[in-house]
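Undergrad: 3D, please:
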Amino acid sequence: LIPAVLLLLVGGGVLWAKQAKAKSEAKRIAELSPVKPARGVLIMKTQATGNIEPENRVLVTPSVSGRAEQVLFTEGQDMTKGQVMAWISSSERTALMDSLKMQASTPAERKMVEEAYNLTPVVAPISGMVVKRAVEPGQSVSAAKELAVISDRLIVKTYVDETDIGSVKEGQRANFYLDAFPKDKHEGRVLAISHESTLKDGVIVYEVKILPSRHIPVLRSGMTADVLVITGSKNNVLTIPKKAVKYRDGDALVSAKTSPAAKLAEKTITVGATDENSIEVLSGLADTDIVYYSTGIARERTSISVSN
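TA: Sure thing, here's the model as predicted:
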């Protein structure tokens, strides 16, 4: 009788343990998000952060020292090359005119000084927008200090890692988002790629200039932008959410089922290009598999998007 009871207890314990394990596994799977791999067009991009800067930033300085008598421009105003921006009274003319004001001078004397010492014009050296005004009427000026800064056009200046620069070419399309207006997508093209490298935060990078495709009224020098340069595309690419991939000892792993009734198991996969949401699967996963995931992983520089 006792052995039979013991056998019953042991058998019941094993059964209970199996049921508890099955419940625990079912609960764990219920907390995961299932997703099927998607197949479609893979658009590859290189991601970087940049700043809005003038392509050509020209300082406007007077040819003589003296006083600004008239200032004919405002910040943000478009100027044409050769357009008069200000009139400057030279130091000699200023001294004589101020002296005449202090004395009981006649109109004839003032006219003689004005004819002998004409006002000196300051003209725009290039066509563009005034991005800085640094003078007011009556202010003393000198050839060593700028009255204004003119930019011919604003561009996005960014830096691309040396591991990605090989896929970036002049003329490629690019999208960028301003931190000040994160929901607005803007388009542009790669204008130029530097031939000389720069060391930033211990990483070798190359300067890349992006020219906006159209005039953007809200664009201001100094703004920060997130840039995505479109470097190529692939057809019939298999992708899964990037969060579904785990890394262990250099291997990429996913938790997957071959069918809804199958047991959840880890699979080793080979991955390719990624973006902040998706990752390319080169091998190790079938289109019919079901992937389960819950936690996220770090972002990477290159990016993709999939359309069916």
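Undergrad: ok, what's across the strand from Y247?
TA: Taking DSSP bridges as the rule, Y247 bridges to A252.
Undergrad: typo on my end, it should be I230
TA: Under the criterion used (DSSP bridges), I230 bridges to K45.
Undergrad: which stretches of the stretch 201-308 of the chain form strands?
TA: Ranges of strands in the stretch 201-308 of the chain, per DSSP state E, counting those that start in this stretch, are 203-212, 224-241, 246-248, 251-257, 265-274, 278-283, 290-293, 302-303, 306-307.
Undergrad: Of these, which is nearest R153?
TA: strand 203-212 (7.5 Å; C-beta to C-beta). In this view, the C-beta of every residue, glycine as well, is placed from N, C-alpha and C.
Undergrad: Report the contact partners of A262.
TA: With contact set as C-beta atoms under 8 Å, 6 or more residues apart in numbering, A262 has no partners.
Undergrad: now it: how far from V71?
TA: Separation of A262 from V71 (C-beta to C-beta, to the nearest Å): 78 Å.
Undergrad: Excluding chain neighbours, give the residue nearest to L219 in space.
TA: Of all residues not flanking L219 in the chain, L154 sits nearest, at 5.2 Å (C-beta to C-beta, 6 or more residues apart in numbering).
Undergrad: ok, that neighbour touching P54?
TA: Yes: the pair L154 / P54 is scored as a contact, 6.0 Å apart, by C-beta atoms under 8 Å.
Undergrad: more crowded one of the two?
TA: For L154 versus P54, neighbours defined as other C-beta atoms under 10 Å are more numerous around L154 (22 against 19).
Undergrad: Let me see the contact set for the more buried one.
TA: Applying C-beta under 8 Å, 6+ apart, the residues near L154 are I52, E53, P54, E55, P212, L219, R220, S221.
Undergrad: ok, back up a step: can you give me the distance of the residue nearest to L219 to G76?
TA: Separation of L154 from G76 (C-beta to C-beta) stands at 12 Å.
Undergrad: what's the answer for T120, then?
TA: Distance from T120 to G76, counting by C-beta to C-beta: 25 Å.
Undergrad: Likewise for I193?
TA: 30 Å.
Undergrad: Give the residue from those two that has the larger number of neighbours.
TA: Between I193 and G76, I193 has the larger neighbour count (other C-beta under 10 Å), namely 15 against 11.
Undergrad: coming back round to it: okay, and the common contacts of L154 and P54?
TA: Residues touching both L154 and P54 (C-beta under 8 Å, 6+ apart) are S221.
Undergrad: quick revisit: distance to G171 for the strands of the stretch 201-308 of the chain - can I get that in JSON lines?
TA: Formatted as JSON lines, the strands of the stretch 201-308 of the chain follow (distance: least, C-beta to C-beta, whole Å):
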{"stretch": "strand 203-212", "distance to G171": "10"}
{"stretch": "strand 224-241", "distance to G171": "11"}
{"stretch": "strand 246-248", "distance to G171": "36"}
{"stretch": "strand 251-257", "distance to G171": "34"}
{"stretch": "strand 265-274", "distance to G171": "21"}
{"stretch": "strand 278-283", "distance to G171": "25"}
{"stretch": "strand 290-293", "distance to G171": "38"}
{"stretch": "strand 302-303", "distance to G171": "19"}
{"stretch": "strand 306-307", "distance to G171": "23"}
